[in-house]
Structure formats: structure tokens, C-alpha cells
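In: Model the structure of this input:
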Amino acid sequence: MKMQTQQSRQPHPSEVQALQQLFQSGLLAQAEVRSQTMLANYPRALSLYNILGLCQQAQGKYREAVTSFRKMLSIDPRIAELHFNLGVLHSQLDETKEAIASYRKALQLKPNFTVAHFNLAALLQTQGLLQEAAIHYQKAIDIEPGFFEALGNLGTLMQQRGQLENAEHCYRKALALRPDARGHFNLGTTLYDQGKHEDAIPVFREAVRLDPHFADAWNNLGETLRDRGNMDEAIRCYKQALAVQPDHGRALYNLGEFFCLAGRLQEAIPYFEGSNFADAQDRALQCYYKTGQFEIFKQKFDQLTAQGHHASILLGTLSTHYATNFGLEDTYNFCKQPMDYVVHTRIDELAEPDSQLLKELLHDIQHLAIAERKQGRLYYGMQSAGNLLQRSEHSYQKLAALIRSKVLDYQQRFAGSRYEIILRFPDEIEFTSSWYLRMNKGGYLTSHIHEEGWISGCVYLQLPEKNSAHEGSFEYSTDGDDYPRLHGDFPRQIVDQQVGDLVIFPSSLFHRTLPFHSDQERVCVAFDVKPASMSAG
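Out: Coordinates of the predicted model:
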């Protein structure tokens, strides 16, 4: 009986108050020791365990705090806030699975626990469980409509899922509650991804007005201005990004790209070499190669390719060109025989007489409000901005589904290949980029590769009449883009396409559109797909 009495004893409220004052005064170590001393006399006092756990947590003693809160739960497992605190601690210990379980338990006990919904959603989002995460963000918002952070995170999640209009809606609601730089930046990115570049520019400007040290916003403003053809202002923005963050990889990359396009390759090299963004180191190698610095190129190429998988589009292009130029074996295993990996196929739904899908596509391309993007290699034509095949219109969704099927056929065709292009083929066919090209009389597209792709393709919706052979045709080769040639023995092929045709090819292969002189417009949709592991960034 004596033991039961001791177990049930509780400290006097004045003792607990004194302990709380120590904690609130920041005397954490002292409060921790006193809590432990008092627990020897009051071993089932929840208030003491709570203060002990909070002291340990505030001192970074997360594992000890977990133990303290679990002892509380052994006394009373029905306290939702305790499970929530454990969720926070497990998150701080990078124990995501345990944290998720704790938040779920808290919500079982208290379904309207707003912050538990939010924290659980954030963890689920990091694990790629986006659909479930969206449910919990929405529940948090339903309970507390002014939950600014939940609206912002839900917008980011929607953007991850490609639901750009929904993301825009969330960001705008969040900004109506609290206009901040990050919110404007997020809204700007989703407007940009929808091809609404003119709308994105003032949003990015507001982000840098609210936070002049927001390097990402300066850079993205520069990229948007670049795509609108305002290169001088874009460069100023890139330089402003570097002024506030000198190692900003993307701004360094963009300045390197500017010097490349201006033909000032030697000036581009230090910007690429100073950047860790995307294929910056590969772009530096391209500059060495195109300026004829072959020995430096080969030395740096061997150093770079010894470090990992042969998964760079640009290095695949460079390696094949170098090997052909010098009569050597191609040592890079992305796709050593890219000319053999071109497939000329057909989408029957577009080629059939009086195709309804073809009519829808041409109508939507001509009449929907889709922003245009400046393309330095395109002459007498226009290119759409945004990711065309991710748009919600029926015509684009139908075309996307048909192309996905053809890309999977492409994979099966080369299933026995030992090249990385097939070995690391995308698990899911999602379009990392897609756009339409509309060319008028005299139009053409100069030789290029798709550095940000893996598998590329183009489907033809409208073709002009030919006044001579091969006008407006698709040409591909292992040589192009003013690469230095030591001889003329580079293979080259021409595809004379018809409406409904689809050409699929390695993104590392040079290709171009030959000029045409008909008054009829030439319309096609081009796209890239790549493995998801390479799409970040």
C-alpha cells in the first residue's frame, strides 16, 4: 500500500510552477536536473516528465527526450499532444517512419489537430506520397482556412504533380493571406511552367523587391526575361543573383550559356567551371572542344567520365564526335551508335483521313493563349513556352498518351542494347519538356542536340508542299553546331516526313530542320523524356 501511495503522489502546484519558471528562464540544465530529482519522489507525475522532455529537447538531447515522453505515454497513452511531440522528435532524429506513425496516432486521438495534419503532410511529401500528403494539407486548411504555410506547401505539391493551375490557385490564396518573397517566387515558377512568362515577370520582380537578397528569384527573373528576348536585362539579373550569392550555380551557368551563344566560348569556361548546376562541367568541356583545345578537352573528359555513369547527353555527343574526328574508339557508353537509334514511325490517329484529333491539335495550337519563347536557333518561326504535353486540354492529353505508347515501343525495339540510353531508360514516360514549333516561309532550325533530354522526338501535324527535294525535312548527324571537323567523314541522314509521322531519337544526336520556301505553315510538336532520377534540378 505504501508503494501504491508513493506511485500516485503528485507534486504541489507551487513546485511545478517553480520548475516551469526555471524552464521559461532558459535555465534548462538546472530544470532538467531538478525534474529528475523530483521524479524520484513523484514517479508518475506527467507534468514533471513533460518539463523534463521539453528541457532535453531544447538542449538537443532528442533521444533522451523521446524516452521521457514515452514514459508519459506508458502512464497515459491517450494524450494526442504527446504523440505529436514524439513525431517532432523523431523528425529531428531523421526517423521519418517513426515520426509518421506518431503523427498518425495523434490524429487518431484528435482528428482536428491542425498542425499534426500539416507536419504529417510535409513528411509524406518528402517520401513522394503526394496524394496522401495533399489530403492532409487540405484537412489542415479546412480546419484553419488562414493556414498560410499549408496553402503554400499544397501549392508546391500540386506543382510537383504537374497540376499547375491548382498550384497557382493555392499560391494566390496564400499570398492573399501573407504576401512574402517566397510565395511570389513560387507563384512565378508555376506561371513560368505554364508558359505565362509575361505574368511571371512582375511576380518575380515583387519577390526581389520584398527580398533583394533572394538569389533564386533574381536568377529566375533573368531566365524569364531571357525567354522574352530581353537579354541585357537578363544578364543584369544573373549578375545581381551572383552579387548576393557568388556561388549561385544556376546564375553562373546562365552567364556561361550567354557567352556561348554569343560565340565567346573562352569567356564562358570559368562560369561553367565555377557552377555545380546541371551539366555545367560538361558545357565547359564543350567550350574546350569547340575552341580546338583537344588535349585539355581529352584530359578533363577522362577525369570527368571516370567518376560515374555514362549518363550525360552532352558528353555522349562530344565523345562520339571526338572519336570520329580522330579515328578512335568511342569510350563513352551513353549511345555509341546514335544514328542506328533513330526510329521513324507513325501515329495512325493523326494520319487517318479527316482526323478529328489532328483538327483539335491544330485548332488549339492556333487559338489557345499559349505564350511564345524566344529560340535563338529558330528562324522565321515561333516556339511555345511551358510544357505543352502537360496542359489539361483534351488534344494535348490524347497526343501525350499516344506518344508515350510509341516511346515504350522504342524501348522494346532496342531491349537488347547494352548502351545506357536503354539500360537507364525512363521507368515512366513523363515529358520533361515539350513544345510546338510553327515555321513560316523560309523557316528552318539550325543543328543542335537536346542537352536536357534523354530520348527526344517530334511529331508532324502540318507540312508545307515541297518545291524541291527535302524541303522542310528532318536531318540528323553525329556532327553539327559548328563542332571542329578534321575531315568530312561524318554520317548524315534525311527523313522526309508526312503528317502523322513521329521521329524518335537519342537526345545526343545532332538534328536540324531544312529550310522550305512554300507559303504554307509547318507545324510540329517536339518533346524530351528522361529518367526521373535525372529530372531534379
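In: what's the spacing between N119 and H83?
Out: Between N119 and H83 the distance is 11 Å, computed by C-beta to C-beta, to the nearest Å. Just so you know, the C-beta spots here come from the backbone N, C-alpha and C atoms, and that holds for glycine as well.
In: Give me the common contacts of the two.
Out: Shared between the contact lists of N119 and H83 (criterion: C-beta atoms under 8 Å, 6 or more residues apart in numbering) are residues Y103.
In: Show me this structure divided up by domain.
Out: Per automatic domain parsing, the structural domains of the chain span 2-227, 240-338, 340-534.
In: out of those domains, nearest to A234?
Out: Closest to A234 of the domains of the chain is domain 2-227 (C-beta to C-beta; 3.9 Å).
In: average pLDDT for the closest one?
Out: In this model, domain 2-227 carries a mean pLDDT of 90.
In: List the residues that contact Q159.
Out: By C-beta under 8 Å, 6+ apart, Q159 lies in contact with A167, N186, T189, T190, D193.
In: Now the element after the helix or strand encompassing it, going C-ward?
Out: Assessed by DSSP states H and E, Q159 sits inside helix 148-160. The C-terminal neighbour of helix 148-160 among helices and strands, as given by DSSP H and E, is helix 164-177.
In: all strands of the stretch 201-350 of the chain, in order?
Out: According to DSSP state E, counting those that start in this stretch, the stretch 201-350 of the chain carries its strands in the segments 343-346.
In: scratch that, the stretch 351-500 of the chain is what I was asking about
Out: So, for the stretch 351-500 of the chain - with DSSP E, counting those that start in this stretch - the strands run 372-373, 378-384, 431-448, 455-462, 474-477, 492-495.
In: who touches the second one?
Out: If I follow you right, that is strand 378-384. Under the criterion C-beta under 8 Å, 6+ apart, external residues in contact with strand 378-384 comprise 195, 365, 370-375, 435-446, 522.
In: Try it again at 6 Å.
Out: For strand 378-384, the surrounding residues in contact (C-beta atoms under 6 Å, 6 or more residues apart in numbering) are 370, 372-373, 375, 435-440, 442-445.
In: which non-adjacent residue is nearest L514?
Out: Beyond its immediate neighbours in the sequence, the residue positioned closest to L514 (C-beta to C-beta, 6 or more residues apart in numbering) is S473, lying 5.0 Å away.
In: I'd say V16 and S47 touch.
Out: Yes: because the distance of 5.1 Å satisfies C-beta atoms under 6 Å, V16 is recorded as touching S47.
In: picking that back up, can you put the domains of the chain in TSV and add distance to E233?
Out: Supplementary listing: the domains of the chain in TSV, determined by distance: least, C-beta to C-beta, whole Å:
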stretch	distance to E233
domain 2-227	5
domain 240-338	11
domain 340-534	13
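In: Return the distance of the closest residue to D247 other than its chain neighbours relative to Y410.
Out: The spatial neighbour of D247 that comes closest, neighbours along the chain excluded (C-beta to C-beta, 6+ apart), is G274 at 7.4 Å. Spatial separation of G274 from Y410 under the definition C-beta to C-beta is 37 Å.
In: So between those two, which is more surrounded?
Out: More neighbours sit around Y410 than around the other of G274 and Y410, counting by other C-beta atoms under 10 Å; the figures are 21 against 18.
In: residue contacts, that one?
Out: Y410 sits next to V343, I504 when contact means C-beta under 6 Å, 6+ apart.
In: Leaving out chain neighbours, which residue sits closest to S417?
Out: Closest residue in space to S417, ignoring its immediate chain neighbours: L423 at 7.4 Å, by C-beta to C-beta, 6+ apart.
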